[in-house]
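Engineer: For reference, the sequence and a predicted model appear below.
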Amino acid sequence: MTDPKRLLEPLNTGELLRGWLLHAHKGRDRHDVASRRYEGRRSIFGVPTIALSTFVGTAVFTSLDKQAATWVHVLVGLCSVAAAVLSALQTFFEYPERAERHRKAGVKYKAIIRELEEALAPDSSMTRDIAWLDTVRERLDVLEEGAPVVPPDIYDEVEAQYKDVTVVHEASGLYKHSP
């Protein structure tokens with residue numbers, strides 16, 4: 001059975017901003033994880049492609065001087081096909097581009113996080129500025145609209161991390177203290 005869905009109904013502007021802050025933290029984490037995953041996949045396809053292409057090029061160059069055995073031709077042919085397939089998959093999945101789009105979304109969420117943290121400081125007057133609130137809401141809306149879709153497993157992973165969130169009021173509270 002899944003947990004019941006919860007909705008935020010803020011009682012004041014501070015609670016609204018804390019809800020936005022939590023949402024922004026989750027968004028930043030989702031896109032950070034997605035960016036790192038796609039960057040890793042780029043290497044998974046890229047390194048073997050380079051290695052196979054180098055092997056094929058070297059093998060073809062050295063076989064020009066002498067007559068190679070049939071199995072060598074077959075091996076070089078299979079490696080050539082494997083390199084071509086890996087290269088095509090790397091191009092098709094666009095891992096570097098996807099990693100960069102998620103990285104940029106994460107950076108934009110981080111900028112909003114800093115602004116919300118500033119607004120939530122007890123001595124801040126930002127929360128009383130309706131135009132500022134509208135601007136932040138609009139920026140979050142635009143960011144959500146333009147951000148790449150996060151895979152469901154990453155989404156669920158981040159949601160699980162935030163299941164038992166602890167709010168702290170000092171930066172030192174963000175770090176676990178050893179007894």
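Structural biologist: Structure's in. What do you need? Being a predicted model, the structure only gives us computed values, none of them experimental.

Engineer: which residues in this structure form helices?
Structural biologist: Defined through DSSP state H, the helices belonging to the chain, from first to last, are 13-63, 70-93, 95-120, 130-146, 152-161.

Engineer: Mean pLDDT lowest where, among those helices?
Structural biologist: When the helices of the chain are ranked by mean pLDDT, helix 70-93 comes last with a mean of 82.

Engineer: Now tell me what touches that one from outside.
Structural biologist: Helix 70-93 has contacts (Cβ atoms under 8 Å, 6 or more residues apart in numbering) with 41-42, 45-46, 48-49, 52-53, 55-56, 59-60, 63. All C-beta spots, glycine's among them, are computed from the backbone N, C-alpha and C.

Engineer: What's the ChimeraX line that selects buried ones from those residues?
Structural biologist: One line in ChimeraX is enough to select the buried ones among the contacts of helix 70-93; burial here means 16 or more other Cβ atoms under 10 Å:
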select :41,42,45,49,52,53,55,56,59
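
Engineer: before we move on, back to that, now the helices of the chain in JSON lines, with distance to Leu7?
Structural biologist: Converted to JSON lines, the helices of the chain look like this (distance: least, Cβ to Cβ, whole Å):
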{"stretch": "helix 13-63", "distance to Leu7": "10"}
{"stretch": "helix 70-93", "distance to Leu7": "36"}
{"stretch": "helix 95-120", "distance to Leu7": "19"}
{"stretch": "helix 130-146", "distance to Leu7": "17"}
{"stretch": "helix 152-161", "distance to Leu7": "15"}
